[in-house]
Each structure stands twice: as structure tokens, then as C-alpha cells.
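A.B. asks: pasted the sequence and its predicted model underneath.
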Amino acid sequence: MTTGVHGAAGTARVESTPLQRLRWLLSDVQMTTPGLRSLALVSTDGLPLVAADEETPGEELATLAAGLTALSGGMSKLLELGCLRRTVVTLHEGTLVLMSVDETTCLAAYTSAGCDLSLAGYQLARLVERAGHVLTTQVRRELRGQPGQETAR
């Protein structure tokens, strides 16, 4: 819930909720990265947390991210290659990129075929750096526990 607060100059300032701040971060990256079609923070156990916009298929991205992250993480452990950082799946019409935020949260994005993956990768890595500290255990509980949460879409 948002609350209004009056600043020193008497102007009203609206404080945002964790969900609104995360959605703003995601939306900003999506809007400023040409070819980035959808973006969502998802849990690695398959739950959508927050999506950039109403058009993002959060539930589907969360399901894909959970499966691919489990497979990639298993391969990493089997081959003793360290912690999973990123999974990239290149398709004919675009690319799916999964980036670890921490061991329980992942940033899932898909792009159009013509997207500059260097730019998209850079923007997504910056977002992980910026969102990692915002997505605390308490915020995660708030996002998952909200009745009627908007995370699926």
C-alpha cells in the first residue's frame, strides 16, 4: 500500500511499495533496451515474483526458468564449474536469457531475433546488480504472500 508524505516544500510525495520499485526497475530496462520483449523476476522453484508489464507471461517464464536453471545448475555441479550465473537459449526468432540474482531468484528475459545481445546482456547484468539488494527475503515474502498479486502478468 502506498502512503502520501509531505516534503519540506509542502509538495506531496508518494512512497512506493517493494513491488512497485521492482516493477519500475524491470520496466525501465525493458523500455530502454531495443528488442527486449519480456522481463520478469522469478523464483528458481517456478513462482513468478514480478513482471515488467502486463504483457509479460510471468508464470510461463517462471516455469521455464525453474526447469532450465535446475538443468544448468545440475550440469555446473556435475562438471564442478562453480555457481550458475547465466543460461542463454538461442532460438530462431529470439533468445531466452536467465540470470541468477541469488540461489533462489532469477531474472528471466526474452528478446526478439534482432536484439543486440551484448547490450541486452549488459542491461540485464546491471539490473541484477541493482535489484539484488532490493529483493531481500522480506520483500520476497511480501511478493509471494500478497493476495491477488500481479506477478503472473
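C.D. replies: In hand now; what should we look at?
A.B. asks: this structure: helices as residue ranges?
C.D. replies: 18-32, 58-78, 117-132, 137-145 (DSSP state H).
A.B. asks: between the ones you listed, which one is closest to Gly94.
C.D. replies: Go through the helices of the chain one by one with CB to CB and the one that ends up closest to Gly94 is helix 117-132, at 10.2 Å. Yep, even glycine has a C-beta here, placed from its N, CA and C like the rest.
A.B. asks: buried residues in that closest one?
C.D. replies: Judged by neighbour count using 16 or more other CB atoms under 10 Å, the buried positions of helix 117-132 are 120-121, 123-124, 127-128, 131.
A.B. asks: ok, those vs Asp28, which is closest?
C.D. replies: For Asp28, the closest of these turns out to be Leu127, at 8.5 Å, with distances computed as CB to CB.
A.B. asks: nearest spatial neighbour of the closest one, chain-adjacent residues omitted?
C.D. replies: Val29 (5.0 Å; CB to CB, 6 or more residues apart in numbering).
A.B. asks: looks like the one you found contacts Ala52 (just checking).
C.D. replies: Yes. Using CB atoms under 8 Å, Val29 is in contact with Ala52, at 7.5 Å.
A.B. asks: ok, the two, which is more surrounded?
C.D. replies: Taking neighbours as other CB atoms under 10 Å, Val29 and Ala52 compare with Ala52 leading, 24 against 21.
A.B. asks: give me phi/psi at that one?
C.D. replies: Taking degrees, to the nearest 10, you get phi -60, psi -40 for the backbone angles of Ala52.
A.B. asks: for Leu81, see how far away it is.
C.D. replies: 30 Å (CB to CB, to the nearest Å).
A.B. asks: again, but for Pro57
C.D. replies: If you go by CB to CB, the gap between Pro57 and Leu81 works out to 30 Å.
A.B. asks: between the two, who's got more neighbours?
C.D. replies: Taking neighbours as other CB under 10 Å, Pro57 and Leu81 compare with Pro57 leading, 17 against 9.
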